[in-house]
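Student: Quick check, what structure comes out for this input:
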Amino acid sequence: MLNKENQDHFWVYKRTFSLVHTHVTICSNNQEIDHAIRFVIPDAKQDFSIQTEISYRIHYDQGYYRIITPAVGECFHESDQWGLGYYLLQNMHEQAFKTINNYIHIHAALGHKGSTNFLIVGEKGAGKTTLVTRLLSHGFEIDGDELALIRDTSGFAFPRRFHIKEASVGLLPEIKAIQHKIPFIQSGDCPKLFAFSPAEWGGTWRVQNRPIDVIFYIESNHQDQKDYVAPRAGCKMVQKLMSLTYMADNQHSKRVKGLCKLVQSASCFTLHYNNLNEAVRLLQNTLTHCP
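Tutor: As a prediction, the model looks like this:
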């Protein structure tokens with residue numbers, strides 16, 4: 001939500017949104033800043049109860065960005081808009097995670113097709129974001145591309161815009177067509193990093209707790225290998241997931257038990273892919289035939 005109001009004798013651009021149980025307010029004294037901070041603002045519909053509030057005030061003056069919070073005063077003073085975006089993102093998430101307790105954090109995308117909910121898990125750079133963004137154009141609903149928070153046999157995606165590398169835009173014609181509308185950050189001559197919201201396609205982006213029915217693990221695929229999906233034993237899936245999970249209290253045994261419970265209730269598969277269109281077909285076929 002964007003409001004414009006007069007405060008301290010200058011125009012203030014004010015945005016409010018939710019990060020699970022945390023209500024966030026960001027004010028700025030410059031419309032250019034307001035456009036830039038869209039990078040960090042998810043517009044996902046959420047039904048979680050609000051437990052705490054945080055606020056940031058951003059001033060731009062003489063080439064420098066300053067962030068001020070009620071708790072610590074000035075906490076950022078840099079000239080780099082890239083740094084501004086990443087500082088805000090990191091700090092907001094850090095504060096929001098304080099209200100999300102006893103969940104296993106999995107580096108995974110979460111989505112659904114019809115009534116079937118799934119995780120797509122993989123190492124950084126495995127192609128999760130590119131794949132799930134393509135799935136959006138094939139009738140899938142994707143809640144998040146980066147982080148799933150799991151408790152027992154269900155979970156939800158942490159609401160963060162999908163981060164799409166500039167090099168991946170060419171693989172996603174749907175994104176290329178609207179990239180001029182998508183916020184991005186860029187440091188110097190480095191490639192742009194876009195922050196995409198599924199709502200920018202005109203649909204509804206909703207984050208909610210869902211039972212997990214299917215888990216896909218993306219394995220690295222060599223160029224000469226055929227794309228395929230294969231069943232994966234639950235114990236082997238747990239081994240793969242362990243290196244991609246985190247729990248705030250760092251209790252190893254609790255994390256193992258939680259992952260075992262999750263995979264026992266879900267169908268588990270390995271996905272090998274090089275071709276994006278073939279990966280979409282394989283996922284559609286697998287989900288159609290899952291019990």
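
Student: Identify the residues contacting the closest residue to residue 122 other than its chain neighbours.
Tutor: Spatial nearest neighbour of residue 122, chain neighbours left out: residue 218 (3.4 Å); criterion: C-beta to C-beta, 6 or more residues apart in numbering. All C-beta spots, glycine's among them, are computed from the backbone N, C-alpha and C. For residue 218, the contacting residues are 120-123, 126-128, 131, 271-273, by C-beta atoms under 8 Å, 6 or more residues apart in numbering.

Student: Now render these as CSV, adding pLDDT.
Tutor: Converted to CSV, the contacts of residue 218 look like this (pLDDT from 0 to 100):
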residue, pLDDT
120, 98
121, 97
122, 92
123, 90
126, 88
127, 91
128, 94
131, 96
271, 95
272, 92
273, 90
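
Student: Tabulate those residues (CSV), appending neighbour count and secondary structure.
Tutor: What follows is those, written out as CSV (neighbours: other C-beta atoms under 10 Å; DSSP: H, G, I helix; E, B strand; the rest coil):
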residue, neighbour count, secondary structure
120, 26, strand
121, 24, strand
122, 20, coil
123, 15, coil
126, 20, coil
127, 21, coil
128, 22, helix
131, 23, helix
271, 24, strand
272, 18, strand
273, 23, coil
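
Student: from the residues you listed, which is closest to residue 214?
Tutor: Of all these, residue 120 has the smallest distance to residue 214: 9.3 Å, by C-beta to C-beta.

Student: can you pull up the bridge partners for that closest one?
Tutor: residue 109, residue 216 (DSSP bridges).

Student: That one and residue 108 touch, don't they?
Tutor: Yes - judged on C-beta atoms under 8 Å, residue 120 makes contact with residue 108 at a distance of 6.2 Å.

Student: Find residues that contact each of the two.
Tutor: Common neighbours of residue 120 and residue 108 (C-beta under 8 Å, 6+ apart) are residue 128.

Student: in what helix or strand does the residue nearest to residue 122 lie?
Tutor: Using DSSP states H and E, residue 218 sits in strand 214-219.

Student: repeat for residue 288
Tutor: helix 276-289.

Student: re earlier: contacting residues around the helix or strand following the strand holding residue 218?
Tutor: Sequence order places strand 228-231 as the next helix or strand after strand 214-219, per DSSP H and E. For strand 228-231, contacts defined as C-beta under 8 Å, 6+ apart pick out 216, 267-272, 282-283, 285-286.

Student: Figure out how far strand 228-231 is from the centre of its chain.
Tutor: 25 Å (C-alpha atoms, centre = their mean, to the nearest Å).

Student: Okay, now the unreliable bits of the protein?
Tutor: 1-11, 221-224, 250 (pLDDT under 70).

Student: Break it down into its structural domains.
Tutor: Per automatic domain parsing, the domain ranges recorded for the chain read 2-97, 104-289.

Student: What sits closest to residue 31 if chain neighbours are left out?
Tutor: residue 13 (6.0 Å).
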